[in-house]
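Engineer: Return a 3D structure for these sequence lines:
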Amino acid sequence: MASIQQISKELNKTLTSFELEKAIELSDNEAKTRMYLTEPFFEALRFNRGFESGNLVPEYDADFANLKGKKVDYAILLRNKPEIIVEVKKASTKLTDKHLAQLNEYFVNTNESKIGVLTNGIEYKFYCRNNNAGYGLHPTPFYEFDWQKVDGSSLEQLANFYATIIDTKSIIEKAQDLFFMEGFEDALYNELAHPSRDLVKSIYSRMGGSRLTDSIEKQIRELINSISIRSALDRLIVEESSKANSGIITTQDELKYYHIIKTILAQHRQIDTDSIGYRDLKGKFSILIDNNQLKKICDLYITPNSQRIEIDGEKIDIPDIDSVVKLKKRLIDRTLELLK
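Structural biologist: Numbers count the residues shown, from 1 in each chain. This next block holds a predicted model:
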């Protein structure tokens, strides 16, 4: 089976050699957009159009309640089930929430669907189920591809949708983890930036206080700031590192590789290493930009018996410093892509 990197190279060759501008010019309505842009795009992913033998099925039934005859532009059949549905708009159309609402209606009424794709033939926005709402699509795409801006990072993500290796369950699990982490970080930030009375009461209670007056509440709110939060964070890092049963121990080897990678990145004038940090998680050590899980440069997997790095889904052995230095171009390219 071809690797992600091999598939990425094949996709790069196919998509960049395609006469995209000519196809866009010809796509002056939805039908032509499907013909000249959407179908070639999915054919590059090895999905073949057809009602009987193909897995890219046009005009797939998505009836609404008592309204019959509703059809989504395409369904991609995996294991004979329409796991991906695709709604296409004219090439010149700017994709909006209105178009997403239409795709969402199709998604809700196509029970076996797992992923929805909204496209104008050039931009492709991939959505998954909104677990918080219990039904329908999440309002934010978990992946976006722009045919006019083909690059290595986006191609490696697109390769996960290649017909011979696609695993919708795995793709959705990663997307849901991303949304959960994003939601948690937003909620935590908002709680710390604008403390609720419950948080203030909890802090005062841990201080040994009993009755929270207005003046005390004001005093505590003023103390919840970046300085006190950073001080508490430093203490938390020390505590977690000192407790083996916490499951998270930042080792000297992890910090050594982190500083090596940071030094490599500092050699590029467009990279501000002040924005680069790390997050030590169970089983892996992530190097991030702006402490944002969405801006992950790489993951380190350092144990007493092995040292590995993961960049864009590929795990590579790094037994020594030289092996990390050899990855300089990939690390810099990945960082620059995240900084765009």
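Engineer: where along the stretch 101-250 of the chain do the helices fall?
Structural biologist: 152-158, 168-193, 197-206, 214-223, 226-242 (DSSP state H, counting those that start in this stretch).
Engineer: ranking those by burial, who's on top?
Structural biologist: Among these, helix 152-158 has the highest mean neighbour count (mean count of other Cβ atoms under 10 Å), at a mean of 19. C-beta: built from backbone N, CA, C; applies to glycine.
Engineer: Check which helices and strands it sits against.
Structural biologist: Helices and strands touching helix 152-158, by 3 or more Cβ pairs under 8 Å, 6 or more residues apart in numbering; DSSP states H and E, are helix 4-17, strand 143-146, helix 328-339.
Engineer: From the chain's centroid, how far away is that helix?
Structural biologist: 11 Å (Cα atoms, centre = their mean, to the nearest Å).
Engineer: hang on, the earlier thing: CSV please, covering the helices and strands packed on helix 152-158 and showing mean pLDDT, mean neighbour count and distance to residue 125.
Structural biologist: Below are the helices and strands packed on helix 152-158 laid out as CSV (pLDDT from 0 to 100; neighbours: other Cβ atoms under 10 Å; distance: least, Cβ to Cβ, whole Å):
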stretch, mean pLDDT, mean neighbour count, distance to residue 125
helix 4-17, 91, 16, 17
strand 143-146, 94, 17, 5
helix 328-339, 92, 17, 19
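Engineer: Let me know which of the ones you listed is the nearest to residue 195.
Structural biologist: Distance to residue 195, taken as Cβ to Cβ, is lowest for helix 328-339 among the helices and strands packed on helix 152-158, at 31.0 Å.
Engineer: Packing partners of that closest one?
Structural biologist: Applying 3+ Cβ pairs under 8 Å, 6+ apart, we find helix 328-339 packed against helix 152-158, helix 252-266, strand 284-289, strand 292-302, strand 307-311.
Engineer: could you give the angle of that helix to helix 252-266?
Structural biologist: Put simply, helix 328-339 runs at 80 degrees to helix 252-266, going by axes from the mean of the first three to the mean of the last three Cα atoms, to 10 degrees.
Engineer: Low-confidence ranges, this structure, go.
Structural biologist: For the chain, applying pLDDT under 70 flags the ranges 1, 51-52, 62-69, 133-134, 237-238, 240-249.
Engineer: Output the helices of the stretch 101-250 of the chain in TSV; the columns should cover distance to residue 293.
Structural biologist: Output for the helices of the stretch 101-250 of the chain, formatted as TSV (distance: least, Cβ to Cβ, whole Å):
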stretch	distance to residue 293
helix 152-158	15
helix 168-193	5
helix 197-206	23
helix 214-223	28
helix 226-242	17
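Engineer: Those helices: which one's closest to residue 29?
Structural biologist: Ranking the helices of the stretch 101-250 of the chain by proximity to residue 29 (Cβ to Cβ) places helix 152-158 first, at 26.1 Å.
Engineer: Number of residues surrounding residue 251?
Structural biologist: 14 (other Cβ atoms under 10 Å).
Engineer: where do the strands sit along the stretch 1-150 of the chain?
Structural biologist: In the stretch 1-150 of the chain, the strands defined using DSSP state E, counting those that start in this stretch lie at 56-61, 71-78, 81-88, 115-119, 123-128, 143-146.
Engineer: Would you mind telling me which of those strands is nearest residue 203?
Structural biologist: Closest to residue 203 of the strands of the stretch 1-150 of the chain is strand 123-128 (Cβ to Cβ; 37.0 Å).
Engineer: what does that closest one contact?
Structural biologist: 41, 95, 100, 103, 107, 114-119, 137-138, 140-147, 161, 171-172, 175-176 (Cβ atoms under 8 Å, 6 or more residues apart in numbering).
Engineer: now the angle between strand 115-119 and it, please.
Structural biologist: Angle of strand 123-128 versus strand 115-119, following the same axes, to 10 degrees, is 160 degrees.
Engineer: Which strands border strand 123-128, and is each parallel or antiparallel?
Structural biologist: Strand pairing for strand 123-128, using DSSP bridges, gives strand 115-119 (antiparallel), strand 143-146 (antiparallel).
Engineer: Using a markdown table, lay out these together with distance to residue 226.
Structural biologist: Shown next, in a markdown table, are these (distance: least, Cβ to Cβ, whole Å):
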| stretch | distance to residue 226 |
| --- | --- |
| strand 115-119 | 39 |
| strand 143-146 | 32 |
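Engineer: List phi and psi for the spatially most central residue of the chain.
Structural biologist: Residue closest to the average C-alpha location in the chain (Cα atoms, centre = their mean): residue 142, at 5.2 Å. With angles defined as degrees, to the nearest 10, residue 142 sits at phi -90, psi -10.
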